[in-house]
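**Q** Return a 3D structure for these sequence lines:
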Amino acid sequence: MSATDFNRDLGLETFLTDGGAESRKRLLMIVNPYASTVSDRLRNLVVSALRGVYEVDAVDTERRDHATELCREAAQEGYDAVVAFGGDGTVNEAANGLVGTSTPLTCLPGGRANVYCRMLGIPNEVVAATEHLLSLANNWNPRPVDLGKVGERHFLFSAGVGLDANVVERVDAHPKLKSRLGQYYYAWVASATYWRRYLIHPPRMSTSLGVDGVTVLVQNAVPYTYFGNRSVQMAAGAALDSGDLAGLVLKRTNPFDIPTVALRALSTHMQMSGHRQVHEFTAQKSLQIRSLDERELPIQVDGDYIGSALECDFSVVPGGLTIVA
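**A** Have a look, this model is predicted:
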């Protein structure tokens, strides 16, 4: 696709004619060049299109947590918004740099799942998402949303301790396979991790809910994630403006239980709360988790592995982030 075709597909001429460029807002676009669907050519086409309506500076991330550093600088320099162009990990890093500031965050889909983009109503295809962002120039309405927090790390929609974090850790270790195979690689790694680490003597943890288990999932909103175009429903009750957290405790990983847990997660009819090995919780302002066997517990936020610890504390930050979408 040429730049002319890209702009024509966006209807850029209409935006310019309708006055979208009269009051040009200043955006910093942070690009993860290693994200699954991002390329130099696509990056340049998007920047070119956005510059028809906005003043745009574009910066590529160079290392882990670089997006966080760039966003802190963007807030200090007075940008009207930051655009995170990458997967959910890039958006998470950007949010951690903007938390507590008035600088809004928005995003363009550059990963496989793009959960937060979809959650905000941003199309999961880059041309449509760019068109959506262009349309915001004439309908600029930033609003506050909640963030979850574990330790010092904030998360946008979900976090986990246990099996799902181990899966993310192994997937992140093989970025080329992650990019090439997407959700099917996650499924294969999940199966392999379960049989290797959770079938016999899995790590156990206690919670401040009075329920012990082998995995805890915490949500700041729904869904938990996506498998292709299908939403994965784990817990209900939390929303981006609800001021609390929801989630579940998986009490054991018996081979008879795991298949039915997976079935309920992908089902449009069965609820996870009906499973006998699942303890669902809602309306929590905080949650404490501790290892019961001195094994460090793996932790993930928004699909990124962030390390392990013997204990971790979850909380919610009401209105901690400003978004525009």
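**Q** So the closest residue to Gly87 other than its chain neighbours versus Gly86, what's the distance?
**A** Closest residue to Gly87 apart from its sequence neighbours, by Cβ to Cβ, 6 or more residues apart in numbering: Gly111 at 2.3 Å. Where you see a C-beta, it was placed from the backbone N, CA and C, and this is true even at glycine. Per Cβ to Cβ, to the nearest Å, Gly111 is found 6 Å from Gly86.
**Q** Kindly report the same for Ala221.
**A** 19 Å.
**Q** And the two? Which one has more around it.
**A** Taking neighbours as other Cβ atoms under 10 Å, Ala221 and Gly86 compare with Gly86 leading, 28 against 22.
**Q** Do you know the pLDDT at the nearest residue to Val216 once chain neighbours are set aside?
**A** In this structure, Val216 finds its nearest non-sequential neighbour in Val161, 4.7 Å apart by Cβ to Cβ, 6+ apart. The model reports Val161 with a pLDDT of 98.
**Q** so Val161 sits right up against Val214, yeah?
**A** No: using Cβ atoms under 8 Å, Val161 is not in contact with Val214; the gap is 9.7 Å.
**Q** Need the residues touching each of those two.
**A** Met205 (Cβ atoms under 8 Å, 6 or more residues apart in numbering).
**Q** Looking at those two, which one has more neighbours?
**A** Ranked by neighbour count (other Cβ under 10 Å), Val161 and Val214 place Val161 first, with 31 against 21.
**Q** ok, Ala239 to Ala95 distance?
**A** Ala239 is 17 Å from Ala95, by Cβ to Cβ.
**Q** Could I get the contacting residues of Pro255?
**A** Contacts of Pro255 by Cβ under 8 Å, 6+ apart are Leu199.
**Q** Secondary structure element holding it?
**A** Pro255 is part of no helix or strand when elements are defined by DSSP states H and E.
**Q** shouldn't Arg230 be in contact with Leu266?
**A** Yes: in this structure, Arg230 is within contact of Leu266 by Cβ under 8 Å, at 6.0 Å.
**Q** and the longest strand that the chain contains, what does it pack onto?
**A** What stands out as the longest strand in the chain, according to DSSP state E, is strand 311-323. Contacts defined by 3 or more Cβ pairs under 8 Å, 6 or more residues apart in numbering; DSSP states H and E place strand 311-323 against helix 88-98, strand 105-109, strand 143-150, strand 153-155, strand 245-250, strand 286-291, strand 297-301.
**Q** of these, which approaches Lys176 most closely?
**A** helix 88-98 (15.6 Å; Cβ to Cβ).
**Q** Could you list every helix and strand in contact with the closest one?
**A** helix 66-77, strand 81-86, strand 105-109, helix 115-119, strand 153-155, strand 304-309, strand 311-323.
**Q** Can I get that helix in CSV, CA atoms only?
**A** The C-alpha trace of helix 88-98 is given here as CSV (Å, rounded to 0.1, in the frame of the first residue of the first chain):
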residue,chain,number,x,y,z
ASP,A,88,-0.2,-4.5,25.2
GLY,A,89,3.2,-4.6,26.8
THR,A,90,4.1,-1.3,25.1
VAL,A,91,0.8,0.2,26.2
ASN,A,92,1.5,-1.0,29.7
GLU,A,93,4.9,0.6,29.8
ALA,A,94,3.5,3.9,28.5
ALA,A,95,0.7,3.9,31.1
ASN,A,96,3.3,3.4,33.9
GLY,A,97,5.1,6.6,32.6
LEU,A,98,1.9,8.6,32.6
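**Q** thinking again about what came up before, closest to Cys117 out of the helices and strands packed on strand 311-323?
**A** Nearest to Cys117, of the helices and strands packed on strand 311-323 and by Cβ to Cβ, is strand 105-109 at 4.8 Å.
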